[in-house]
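*Asks:* Okay, sequence plus prediction incoming.
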Amino acid sequence: MFDEDGDGYISAGELQGVLGKLVMRAGKEIEKAKVMISSVDRNHDGRVDFVEFKDMMRNVAFGGSTSSWCCVFPGFLELRRLL
């Protein structure tokens, strides 16, 4: 869903595309997508890898600092059980 080019990472552009498909305001501004990426990008490579994404999903469940991602996942509590 997020990794549109299949390279194993989520870029700001890919996140912006998903947000746009979900008709979210952040989907219109690449800067908002970049802020969301940087909030979970621990190795500072400008993209989110699987481990960073998994950790972010766990963190959102417990009200961590990545809560801006929570709005992207309406069924998040169900997803959390799978991680």
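*Replies:* Everything's here; your move. The model shown is predicted, which means the values in this text are computed figures rather than measured ones.

*Asks:* got any ranges where the protein has weak pLDDT?
*Replies:* Where the chain drops to pLDDT under 70, the residues are 26, 60-83.

*Asks:* Please repeat the previous calculation with a cut-off of 80.
*Replies:* Scanning the chain for pLDDT under 80 picks out 1, 22-27, 57-83.

*Asks:* Show me where it has its helices.
*Replies:* Ranges of helices within the chain are 12-21, 30-38, 50-61, 76-80, based on DSSP state H.

*Asks:* got a list of contacts for the first one?
*Replies:* Right, helix 12-21. 1-5, 26-30, 32-34, 36-37, 46-48, 72 (Cβ atoms under 8 Å, 6 or more residues apart in numbering). Bear in mind the C-beta positions are built from the backbone N, C-alpha and C, glycine included.

*Asks:* gap between the closest residue to Tyr9 other than its chain neighbours and Val23?
*Replies:* Spatial nearest neighbour of Tyr9, excluding adjacent residues (Cβ to Cβ, 6 or more residues apart in numbering): Arg47 at 4.1 Å. Look at Arg47 and Val23: by Cβ to Cβ, to the nearest Å, they are 24 Å apart.

*Asks:* Between these two, which has more neighbouring residues?
*Replies:* Using other Cβ atoms under 10 Å as the criterion, Arg47 and Val23 rank with Arg47 on top: 19 against 8.

*Asks:* any idea how far Asp7 is from the more buried one?
*Replies:* With Cβ to Cβ as the criterion, Arg47 and Asp7 are 9 Å apart.
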